[in-house]
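**Student:** could you work out the structure for the sequence below:
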Amino acid sequence: MRNKTILCLYPIDTTTDFLMPIYEFLSQFDGFNGYRISTSKQDINDIKFEIEKSSSNNMIIFLGHGASHCVYGSVKEKILTSDDLIKYNNADCIFLSCRSSEFLKSHNGNHIGFGDMPTDYDEVEAERQLNDAQYLEGLDEIDIEYYRNQIVDFFINAIRMSQLKSLEGFYTAIKLFANKEISNLLLNKKRNHYRLLADLIYCWKDEMEYSHT
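**Tutor:** Just a heads-up that it's a prediction; the model follows:
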């Protein structure tokens, strides 16, 4: 396995329940500390204390909702802000949340972040109704479910292959699995909207960023 402690922050939220297989897979690692909680203010303070006291030898993995300025807990309660990240520069970070590549720019240590991830079909429909009628045009609820399940598979397979020994190894592995699925969709053409799905996965992979010191 690996020597670093894994701190996994996974707030309770029904819209991110699909990420549970990642959390369960990580829990098999030595040194795993999981925070699957309803994030009250006391919970948030406890989490920050745990991270700060051991951040020099940590990998912090966040699974949930985010934005360019923070990551959220339950009911959109902010957990970590850009100011918090500055304190964790000695920790490796992987944040599987929307716009985490932008959020992690304030983290001067090694990290992997992601772009927008349309994993909730209700939010896709809301975007179409309120802002852009052509948003992800041609994709339906079945496609979005497939997309988000693929993200989970990519993540787990990359953890298995890299054993999280380095962020670079994880980053290389997750791109490999995404590329394989894109090729599978385009060559086999077994799914409806296969080309649109391939494009969506390509965008997810393309917007993923790895930064190292």
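**Student:** pLDDT below threshold where in this structure?
**Tutor:** Scanning the chain for pLDDT under 70 picks out the ranges 1-3, 40, 54-56, 75.
**Student:** where do the helices sit along it?
**Tutor:** 20-26, 41-54, 82-86, 100-103, 121-130, 141-162, 167-188, 194-207 (DSSP state H).
**Student:** so which of those helices is the most surrounded?
**Tutor:** helix 100-103 (a mean of 23; mean count of other C-beta atoms under 10 Å). Any C-beta I mention is one placed from the backbone N, CA and C, and that applies to glycine too.
**Student:** tell me how far that one is from the chain's mean position?
**Tutor:** 11 Å (C-alpha atoms, centre = their mean, to the nearest Å).
**Student:** which residues are in contact with that helix?
**Tutor:** Helix 100-103 has contacts (C-beta atoms under 8 Å, 6 or more residues apart in numbering) with 62, 66-71, 82, 85, 95, 97, 113-115, 207-209.
**Student:** roughly how far does the residue nearest the centre of the chain sit from Val71?
**Tutor:** Closest residue to the average C-alpha location of the chain: Leu96 at 1.1 Å, with C-alpha atoms, centre = their mean. Distance of Leu96 to Val71, computed by C-beta to C-beta, to the nearest Å: 10 Å.
**Student:** any shared contact partners between those two?
**Tutor:** With C-beta under 8 Å, 6+ apart, Leu96 and Val71 have common neighbours Phe62, Gly64.
**Student:** Throw together a PyMOL command that grabs the buried residues out of the contacts of helix 100-103.
**Tutor:** The buried subset of the contacts of helix 100-103, as determined by 16 or more other C-beta atoms under 10 Å, is captured in PyMOL by this line:
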select buried, resi 62+66+70+71+85+95+97+113+114+115+207+208+209
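**Student:** so which of the contacts of helix 100-103 are in strands?
**Tutor:** Members of the contacts of helix 100-103 lying in strands (criterion: DSSP state E): Phe62, Cys70, Val71, Phe95, Gly113, Glu209.
**Student:** not counting sequence-adjacent ones, nearest residue to the fourth one?
**Tutor:** Just to be clear, that refers to Phe95. Among residues not flanking Phe95 along the chain, Phe62 sits closest, at 4.3 Å (C-beta to C-beta, 6 or more residues apart in numbering).
**Student:** I'd guessed the one you found sits against Leu9; true?
**Tutor:** Yes - Phe62 is within contact range of Leu9, at 4.8 Å (criterion: C-beta atoms under 8 Å).
**Student:** which residues do the two both contact?
**Tutor:** Val71, Ile79.
**Student:** what about the residue nearest to the centre of the chain, distance to Thr16?
**Tutor:** According to C-beta to C-beta, Leu96 stands 9 Å off from Thr16.
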